[in-house]
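*Asks:* need a structure here:
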Amino acid sequence: MTEFRLGLEVCAANPPEILRDARIGLVMNQASIDANFRPADELLGERLPGQLAALFGPQHGLWAEQQDNMIETPHRLDPLRKLPVHSLYADARKPTPAMLEGLDVLLIDLQDVGTRVYTYLWTLSFCLEAAAEKGIAVVVLDRPNPLGGDIIEGPILNPEYASFVGRVPMPMRHGLTLAEAARHLNRECGIGTDLHWVAMEGYRRGALWPEHGRPWIPPSPNLPRYEGALVYPGQVLLEGTELSEGRGTTTPFELCGAPYIDPAALLNALGEFEFDGLTARPYRFEPTFQKFAQLSCGGLFLHPTNASALRSYRFTVATIGCVARLWPEHFAWRQPPYEYETEKLPVDILSGGTELREAIDAGLTPESFERVTAIDDSQWERATRPDRLYE
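*Replies:* The predicted model follows:
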């Protein structure tokens, strides 16, 4: 069996021809490391001496310091390498022509989490567009989809609800690696980028993160544990409500709640709906910041018990539906702005349309629950078949 190697490690061992003598802009953050915890800029700086000309950081910044939703990262100078560090979550989310001036290649090494609303995917899409307009190549150093490539969750985004948490039709849990997503976006959207990629070696499409034998490095501040990433495709919907998703605790997205919730009553109500692979237990917590800061909240803590059976989207939809029914005088949808969308409701751009919100507002039933959580796996598989690198 071939030893597992990241695209970064394959590239460092044998750089592709397109990088020869190229002036390179590197899109990365603190999770862009190799098996020895060496960051991509250090590793590639040694392997391609003098060729790194600029660094680019996605949302949360190069060191994943900033929190969520429109907390921007300033541009700066890297003190070690004296390179400009361009923020792609600041006054612009798309690289400007000035940022790309003098570059031959934009090299992208970001750890995605396999969920449509995670903004690194859309930073990638803006990089593809900017590079095409500037006439420079893009090389994606591939990394695993932590959620594997076999399980798809959530309905496909309605294009009318496109935003920075979803720019093209795609299910919530999409099953693609970053290089596969780049291929899909470049082809499906007709971007026309001179796109290259360095594939992983020894990667199995259905493998979940722990099977690669690599430690979990938080790709952003509120996914400090792999368990959080595992339930994120569902729990991220809580950002569209006034329920706490656990920001301000040590285990964000692994819990949820609000001051008015009776944990036992919520758990009992969830018995009406069917979902596997996860056990929820009654829980109380007190966020240190963001929603309900310094207030005691009742809610649930989520424990994945069977990752292969887990469908977190179903669980969170049922949870929101039960809270809305049990405590209608308290439950509320979050209002815009959210991720630079100032008119549409956050839950609509997160879920990909109005159907989820409307079903919950009408009173979620087992029948409407099945309707709003359904996904046509075969449709998405056909749509992405030309873009898949691993089978």
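*Asks:* Show me the strands in this protein, by range?
*Replies:* Using DSSP state E, the strands found in the chain span residues 24-27, 52-57, 76-77, 84-87, 105-108, 137-141, 195-198, 255-258, 278-285, 297-304.
*Asks:* Indicate which one of those is closest to residue 353.
*Replies:* Among those, strand 255-258 comes nearest to residue 353, with 22.3 Å by C-beta to C-beta. For glycine as for every other residue, the C-beta is placed from the backbone atoms N, C-alpha and C.
*Asks:* Surely residue 148 is in contact with residue 212?
*Replies:* No: here residue 148 does not reach residue 212: they are 10.5 Å apart, not a contact under C-beta atoms under 8 Å.
*Asks:* on that earlier part again, distance to residue 315 and mean neighbour count added to the strands of the chain, as a markdown table?
*Replies:* Formatted as a markdown table, the strands of the chain follow (distance: least, C-beta to C-beta, whole Å; neighbours: other C-beta atoms under 10 Å):
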| stretch | distance to residue 315 | mean neighbour count |
| --- | --- | --- |
| strand 24-27 | 33 | 26 |
| strand 52-57 | 32 | 22 |
| strand 76-77 | 40 | 12 |
| strand 84-87 | 35 | 20 |
| strand 105-108 | 32 | 26 |
| strand 137-141 | 32 | 25 |
| strand 195-198 | 34 | 20 |
| strand 255-258 | 10 | 26 |
| strand 278-285 | 6 | 16 |
| strand 297-304 | 7 | 20 |
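*Asks:* ranking those by mean pLDDT, which is last?
*Replies:* Least confidently modelled of those is strand 76-77, at a mean of 92 by mean pLDDT.
*Asks:* Pairing partners for that one, with directions?
*Replies:* strand 84-87 (antiparallel) (DSSP bridges).
*Asks:* Now do the partner strand: everything it contacts.
*Replies:* Residues outside strand 84-87 that contact it (C-beta atoms under 8 Å, 6 or more residues apart in numbering): 25, 54-57, 61-62, 72-78, 95, 99.
*Asks:* Go through these and name the one nearest residue 126.
*Replies:* residue 95 (6.9 Å).
*Asks:* That closest one: neighbouring residues, count only.
*Replies:* 25 (other C-beta atoms under 10 Å).
*Asks:* Verify the stated contact: it with residue 127.
*Replies:* Yes: assessed by C-beta under 8 Å, residue 95 is found in contact with residue 127 at 6.0 Å.
*Asks:* got any residues that touch both of these two?
*Replies:* Here residue 95 and residue 127 have 56, 88, 106 as joint contacts, going by C-beta under 8 Å, 6+ apart.
*Asks:* Output those in JSON lines; the columns should cover distance to residue 375.
*Replies:* Formatted as JSON lines, these follow (distance: C-beta to C-beta, whole Å):
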{"residue": "56", "distance to residue 375": "33"}
{"residue": "88", "distance to residue 375": "30"}
{"residue": "106", "distance to residue 375": "32"}
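*Asks:* in the chain, which spans are helices?
*Replies:* 7-13, 40-47, 97-100, 120-134, 178-188, 226-235, 263-269, 312-326, 346-351, 355-361, 366-373, 377-384 (DSSP state H).
*Asks:* Excluding sequence neighbours, find me the nearest residue to residue 265.
*Replies:* residue 326 (6.1 Å; C-beta to C-beta, 6 or more residues apart in numbering).
*Asks:* can you check residue 198 too?
*Replies:* residue 7 (4.1 Å).
*Asks:* can you pull the contacts of residue 264?
*Replies:* With C-beta under 8 Å, 6+ apart, residue 264 has these contacts: residue 282.
*Asks:* That one and residue 219, how far apart?
*Replies:* 35 Å (C-beta to C-beta, to the nearest Å).
*Asks:* Over to residue 363?
*Replies:* From residue 363 to residue 219 the distance is 37 Å (C-beta to C-beta).
*Asks:* follow-up on the earlier one: for the residue nearest to residue 198, grab the count of nearby residues.
*Replies:* By other C-beta under 10 Å, neighbour count at residue 7 equals 25.
*Asks:* I figured it was touching residue 142, is that so?
*Replies:* Yes: counting by C-beta under 8 Å, residue 7 touches residue 142, with 3.8 Å between them.
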